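Chemist: this one's sequence-less:
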């Protein structure tokens, strides 16, 4: 029995996979109960009257090239959220297993776990050390029932990178016991290579990536899980057969051409310059009590009166994220870096 089979839910391991309509694009399709015409008034070339390819090969190959992994280590879904949900459903038995999260962090890890009926354990990040990972506490709180450990780097909402060797040590310590899922949704905004390059030496490591942030496709919903091929094969048993809609596939493929990637790097450089300008200007505002360093496309700031600052931003036509509900962030707002005009307008509202 492999480590994945031993860790996964037995009923998922034994699950008979749904047999979707065969994908043989060289033949005319009379086997999937589709309408033979495009929608009336629509673009006849769109292809939306046909079911899309399950786990589209062209997209998987481009994502594998983009992230530097083998194609059989790639699962593509509707944003990172779908991969989080699939992991919880595949590895956590309701009422028996647990996931561990490190607050303050992205809320979907806990939401997906609770929907599945899994227990949520916590090992808070250390605010005094810039929201660093507390390795001893994390490993101490991992019970025998813990199947998934979610680490977000750069972390949302704090914006900081977690120390790479700390994450590697955690993965090694939990080998055979739990999958360590590192969410790198914001990694393009940081100066660090992906942990995906270490998948070969750390089989219980999984990495989440997305086209929503730096690639500008938040509305298309296209996320990627990079993991051991056996983990990918297990999750393919439970992902819906047509997870990637045709418009999403077209948008993703167009965004992953060499020309589009080069243009995206120029946009990224402009955004990082704006982040630096915004950070410097915010640091000079007396109403801001603390700014945390950012390796993402947002900045976390503590205000003397966060509620008033939130309202002033709204009056200027700008909405920032209220972060006061996160543990330890009772006076904080999370500010997404916008255009130069938007950032200047926000600074004026708070001056």
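Modeler: Now that the structure is in, tell me what you want to look at. These numbers come from a predicted model, not from an experiment.
Chemist: can you give me the strands in this protein?
Modeler: 74-77, 98-101, 119-122, 146-152, 179-183, 205-210, 223-226, 288-291, 298-303, 321-322, 332-336 (DSSP state E).
Chemist: in its sheet, what does the shortest one sit against?
Modeler: Each strand pairing with strand 321-322, determined using DSSP bridges, is listed with its direction: strand 332-336 (antiparallel).
Chemist: where along the stretch 201-350 of the chain do the helices fall?
Modeler: Counting by DSSP state H, counting those that start in this stretch, the stretch 201-350 of the chain has helices at residues 229-236, 246-255, 258-283, 306-315, 340-350.
Chemist: Name the stretch among those helices that sits most buried.
Modeler: helix 229-236 (a mean of 20; mean count of other CB atoms under 10 Å). Bear in mind the C-beta positions are built from the backbone N, C-alpha and C, glycine included.
Chemist: Give me the mean pLDDT for it.
Modeler: When pLDDT is averaged along helix 229-236, the result is 98.
Chemist: For it, enumerate the helices and strands it packs against.
Modeler: Secondary-structure packing of helix 229-236 (3 or more CB pairs under 8 Å, 6 or more residues apart in numbering; DSSP states H and E): helix 3-7, strand 74-77, helix 79-91.
Chemist: Just put those in a markdown table and tack on mean pLDDT.
Modeler: Shown next, in a markdown table, are these (pLDDT from 0 to 100):
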| stretch | mean pLDDT |
| --- | --- |
| helix 3-7 | 95 |
| strand 74-77 | 98 |
| helix 79-91 | 98 |
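Chemist: that older thread, kindly present the helices of the stretch 201-350 of the chain as CSV, with separate columns for distance to residue 111.
Modeler: Output for the helices of the stretch 201-350 of the chain, formatted as CSV (distance: least, CB to CB, whole Å):
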stretch, distance to residue 111
helix 229-236, 18
helix 246-255, 23
helix 258-283, 28
helix 306-315, 23
helix 340-350, 29
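Chemist: Nearest to residue 131 among those would be which one?
Modeler: helix 258-283 (16.5 Å; CB to CB).
Chemist: Quick one: the helices in the stretch 1-150 of the chain, in order.
Modeler: 3-7, 10-13, 57-67, 79-91, 108-116, 135-141.
Chemist: name the helices or strands packed onto the fifth one?
Modeler: This means helix 108-116. On a contact count with 3+ CB pairs under 8 Å, 6+ apart, helix 108-116 meets helix 79-91, strand 98-101, strand 119-122.
Chemist: Minimum distance to residue 7: which of these has it?
Modeler: helix 79-91 (6.1 Å).
Chemist: Run the chain-centre distance for the closest one.
Modeler: 11 Å (CA atoms, centre = their mean, to the nearest Å).
Chemist: okay, the angle between it and strand 146-152?
Modeler: Comparing the axes of helix 79-91 and strand 146-152 via axes from the mean of the first three to the mean of the last three CA atoms, to 10 degrees yields an angle of 170 degrees.
Chemist: how big is the angle separating helix 79-91 from helix 229-236?
Modeler: Going by the same axes, to 10 degrees, helix 79-91 makes 100 degrees with helix 229-236.
Chemist: please renumber so the chain begins at 37
Modeler: Understood, numbering begins at 37; the last thing we discussed is helix 115-127.
Chemist: which strands and helices sit next to helix 115-127?
Modeler: strand 110-113, helix 144-152, strand 182-188, strand 215-219, strand 241-246, strand 259-262, helix 265-272.
Chemist: before we move on, the earlier item: out of the helices and strands packed on helix 144-152, which comes closest to residue 282?
Modeler: helix 115-127 (16.7 Å).
Chemist: in the stretch 237-386 of the chain, what spans have low per-residue confidence?
Modeler: Under the criterion pLDDT under 70, no range of the stretch 237-386 of the chain is flagged.
Chemist: about what we covered before: can you check which of the helices of the stretch 237-386 of the chain gets nearest to residue 199?
Modeler: helix 294-319 (21.4 Å).
Chemist: Centre of the chain to that closest one, how far?
Modeler: 20 Å.
Chemist: helices or strands next to it in the packing?
Modeler: Helices and strands touching helix 294-319, by 3+ CB pairs under 8 Å, 6+ apart, are helix 282-291, strand 324-327, strand 334-339, helix 376-386.
Chemist: Relative to residue 210, which of the ones you listed is closest?
Modeler: Nearest of the helices and strands packed on helix 294-319 (CB to CB): strand 334-339, 28.4 Å.
Chemist: coming back round to it: of all the helices of the stretch 37-186 of the chain, which gets the most neighbours per residue?
Modeler: Mean neighbour counts for these (mean count of other CB under 10 Å) peak at helix 115-127, with a mean of 23.
Chemist: okay if I get the helices and strands packed on helix 115-127 as JSON lines plus distance to residue 230?
Modeler: Below are the helices and strands packed on helix 115-127 laid out as JSON lines (distance: least, CB to CB, whole Å):
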{"stretch": "strand 110-113", "distance to residue 230": "13"}
{"stretch": "helix 144-152", "distance to residue 230": "19"}
{"stretch": "strand 182-188", "distance to residue 230": "13"}
{"stretch": "strand 215-219", "distance to residue 230": "9"}
{"stretch": "strand 241-246", "distance to residue 230": "6"}
{"stretch": "strand 259-262", "distance to residue 230": "8"}
{"stretch": "helix 265-272", "distance to residue 230": "17"}
